[in-house]
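J.: Show me the folded form of this:
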Amino acid sequence: MSADGNWNITINSPMGAQKVTATIKTNGGAFTGTTQTPAGEQAIEGKVDGDKLTWSTAITQPMPMTLEFEATVSGDTMTGNVKLGAFGNAPLTGTRA
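T.: Next up, the predicted model:
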């Protein structure tokens, strides 16, 4: 299943639901794209393994940390998990925009 396209993603973090829009373009076993949050836009790149996407991104707000994403795409939906550094994990869900 191709993950190419625009996505509306919600991360259910300990600080409440965090909304992210993402644009993804796959190329074999890799992908590139951008994410847009209230804190701004950020380029992303990661790995593709079948219907699974993995990537990490560094954030500075609300505090500096690296977020590690793992998501599975099924049709027009995405489900997965985000490792929040020392703050545990948060589930994510997404729909194709």
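J.: tell me which residues in the lengthiest strand in the chain are buried?
T.: In the chain, with assignment by DSSP state E, the single longest strand is strand 16-27. Within strand 16-27, the residues scored as buried using 16 or more other C-beta atoms under 10 Å are 18, 20, 22-24, 26. Where C-beta positions appear, they are placed from N, C-alpha and C, glycine not excepted.
J.: Output those in TSV; the columns should cover distance to W55 and pLDDT.
T.: Shown next, in TSV, are these (distance: C-beta to C-beta, whole Å; pLDDT from 0 to 100):
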residue	distance to W55	pLDDT
Q18	16	92
V20	12	95
A22	10	97
T23	13	97
I24	10	97
T26	12	96
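J.: Which strands border the longest strand of the chain, and is each parallel or antiparallel?
T.: Using DSSP bridges, the strands paired with strand 16-27 are strand 5-13 (antiparallel), strand 30-37 (antiparallel).
J.: Go ahead and name everything in contact with the longest one.
T.: If I follow you right, that is strand 5-13. Strand 5-13 is contacted from outside by 17-24, 78, 82, 84, 90-97, using C-beta atoms under 8 Å, 6 or more residues apart in numbering.
J.: Please work out how many residues are found near the closest residue to T77 other than its chain neighbours.
T.: Closest residue in space to T77, ignoring its immediate chain neighbours: T95 at 5.9 Å, by C-beta to C-beta, 6 or more residues apart in numbering. Counted by other C-beta atoms under 10 Å, the residues lying close to T95 total 13.
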